[in-house]
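**Q** No letters, just coordinates:
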């Protein structure tokens, strides 16, 4: 398999890779938690342990509130997610879920909602996720909207079933979208503690079973006006879409970094024979550097709604998913039999990589979106 050469639009000012950026206290503390507290749990999380204490620790540090800073430093949040994903993609994904929930609330014009939830969600005191997988597919003509709602006094009454929503628990929140009989789409925050919301365990996954992923059954749930993110939703979706997609790049960046690291780790003992492999760690590292540069440049202007900018965002996300699978594949070839052992993280990385490629928006959806752009 050839490494796909990054085909990226011209960049603006050069962006140094994260390793060259001045290190502040927060990134150091996030890395300390990832390497000291998270690393020993990574295998258990992969098999089903939900790391609530770790997530709350990241929240205490400010790991979910970086994009609330002046100028909305989305790149800092992406870098935090990448740092975590270097150790455990499950936790990196849950960081994305929580950060995206904060992104939703931050960009809502509903001041009552923001006053009620933004501070606690950004601090990790209220955990949650995003139920936009089905709406994202619906918007691009792949599925039909699964949540239906109708206007009632003081809010909306909603029902339906979402097959997969992650980073959930009995007291968690998630951002979702529903459709009214006249075709209008509304975004809201749904509280899993409401008796009208039922969480159903999913079948075991190939990897990442500890991500708090459930099917969500909603039966005549009353959503009050102070829990509405956007009504109507579509102008709001255009505002948040780049941030939603760019934040996912943190998972890809972190996973590819660790794949390069694994290839380098076996070089002293296997370099003499790995030299015959077509793809070397330097090749993956060069591709990663290009992806990082593009992602961190795009993260500077997440509210750009131009077609040209959106195409760059979608292209970068597509490349991140493809690079993840390729990097994990080549790491396995370099590690050889030792990477095939169940206790080695290389086989976990290979399984995690496919998640980056299939989580919404998946590789096939991204290619469909690009094909329909001017």
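**A** Yep, that arrived. From a predicted model like this one, the values you see are computed outputs, not experimental measurements.
**Q** so where's the chain shaky on pLDDT?
**A** By pLDDT under 70, the weakly predicted segments of the chain are 1-24, 70-72.
**Q** Residue ranges of each domain in it, please.
**A** Split into domains by automatic domain parsing, the chain comes to 18-122, 128-232, 236-371.
**Q** Now do the end-to-end distance for the last one.
**A** Put plainly, it is domain 236-371. 24 Å (CA to CA, to the nearest Å).
**Q** gap between stretch 248-268 and the chain center?
**A** The chain centroid and the centroid of stretch 248-268 are separated by 17 Å under CA atoms, centre = their mean, to the nearest Å.
**Q** Which of the residues in it are classified as buried?
**A** Buried residues in stretch 248-268, counted by 16 or more other CB atoms under 10 Å: 248-260, 262-266. For every residue, glycine as well, the C-beta is placed using N, CA and C.
**Q** Please report how far the closest residue to residue 192 other than its chain neighbours lies from residue 178.
**A** Take residue 192 and drop its neighbours on the chain: the residue closest to it by CB to CB, 6 or more residues apart in numbering is residue 172, 4.9 Å away. Taking CB to CB, to the nearest Å as the measure, residue 172 falls 18 Å from residue 178.
**Q** Then residue 356?
**A** 28 Å.
**Q** repeat for residue 31
**A** 39 Å.
**Q** Which one's more surrounded, the two?
**A** residue 178 (27 against 17; other CB atoms under 10 Å).
**Q** Phi first, then psi, for the residue nearest to residue 65 when sequence neighbours are not counted.
**A** Nearest residue to residue 65, sequence neighbours excluded (CB to CB, 6+ apart): residue 122, at 3.9 Å. Per-residue torsions, residue 122: phi -70, psi -30 (degrees, to the nearest 10).
**Q** What residues does residue 122 make contact with?
**A** Counting by CB atoms under 8 Å, 6 or more residues apart in numbering, residue 122 makes contact with 59, 64-65, 68, 102.
**Q** go with 7 Å
**A** 64-65, 68, 102 (CB atoms under 7 Å, 6 or more residues apart in numbering).
**Q** For those, give me TSV that also has distance to residue 296 and secondary structure.
**A** Below are these laid out as TSV (distance: CB to CB, whole Å; DSSP: H, G, I helix; E, B strand; the rest coil):
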residue	distance to residue 296	secondary structure
64	19	coil
65	19	coil
68	18	helix
102	19	helix
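**Q** between those, which is nearest residue 286?
**A** residue 64 (31.7 Å; CB to CB).
**Q** Burial check on that closest one, number of neighbours?
**A** 25.
**Q** what's the spacing between residue 335 and residue 271?
**A** The value you get for residue 335 to residue 271, if CB to CB is used, is 12 Å.
**Q** Of those two, which one has the most company?
**A** Between residue 335 and residue 271, counted using other CB under 10 Å, residue 335 has the larger neighbour count: 24 against 13.
**Q** what about the residue of the chain positioned farthest from its centre, helix or strand, and which?
**A** Each residue of the chain has a distance to the centre, and by CA atoms, centre = their mean the biggest one is for residue 272: 37.4 Å. Per DSSP states H and E, residue 272 falls inside helix 267-274.
**Q** Which SSE is immediately downstream of that helix?
**A** Using DSSP H and E, the helix or strand that directly follows helix 267-274 along the chain is helix 281-298.
**Q** okay, the angle between the helix holding residue 272 and helix 281-298?
**A** Calculated by axes from the mean of the first three to the mean of the last three CA atoms, to 10 degrees, helix 267-274 forms an angle of 110 degrees with helix 281-298.
**Q** list the helices and strands helix 267-274 packs on?
**A** Of the remaining helices and strands, none touches helix 267-274 by 3 or more CB pairs under 7 Å, 6 or more residues apart in numbering; DSSP states H and E.
**Q** In a helix, residue 126, correct?
**A** No. Read with DSSP: H, G, I helix; E, B strand; the rest coil, residue 126 is coil and lies in no helix.
**Q** In contact with it, which residues?
**A** 117, 120, 173.
**Q** Quick one, which of those are buried?
**A** For the contacts of residue 126, buried by 16+ other CB under 10 Å: 117, 173.
**Q** Make TSV from the contacts of residue 126 and add distance to residue 98 and secondary structure to it.
**A** TSV is the format used below for the contacts of residue 126 (distance: CB to CB, whole Å; three-state DSSP):
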residue	distance to residue 98	secondary structure
117	12	helix
120	11	helix
173	10	strand
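**Q** got the contacts of residue 126 as TSV, with distance to residue 189 columns?
**A** Below are the contacts of residue 126 laid out as TSV (distance: CB to CB, whole Å):
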residue	distance to residue 189
117	6
120	12
173	5
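**Q** Pull the number of nearby residues for the nearest residue to residue 169 once chain neighbours are set aside.
**A** For residue 169, ignoring the flanking residues on the chain, the nearest one in space by CB to CB, 6+ apart is residue 212 at 5.8 Å. The local packing of residue 212 (other CB under 10 Å) involves 23 other residues.
**Q** Just say helix, strand or coil for residue 212.
**A** Assignment for residue 212 (three-state DSSP): coil.
**Q** ok now do it, which residues does it touch?
**A** So residue 212 contacts 50, 94, 166-169 (CB under 7 Å, 6+ apart).
**Q** And the host helix or strand of residue 347, what does it pack against?
**A** Assessed by DSSP H and E, residue 347 sits inside helix 345-358. Packing contacts for helix 345-358, counted by 3+ CB pairs under 7 Å, 6+ apart, involve helix 249-265, helix 307-335, helix 337-340.
**Q** Residues touching it, excluding its own?
**A** Counting by CB under 7 Å, 6+ apart, 46, 89, 206-208, 251-252, 255, 258-259, 262, 320-322, 324-325, 328-329, 331-332, 335, 339-340, 363 sit against helix 345-358.
**Q** now swap in stretch 62-71 and tell me
**A** By CB under 7 Å, 6+ apart, stretch 62-71 touches 26, 30, 58, 73-74, 76-77, 80, 95, 98-99, 102-103, 106, 122-124.
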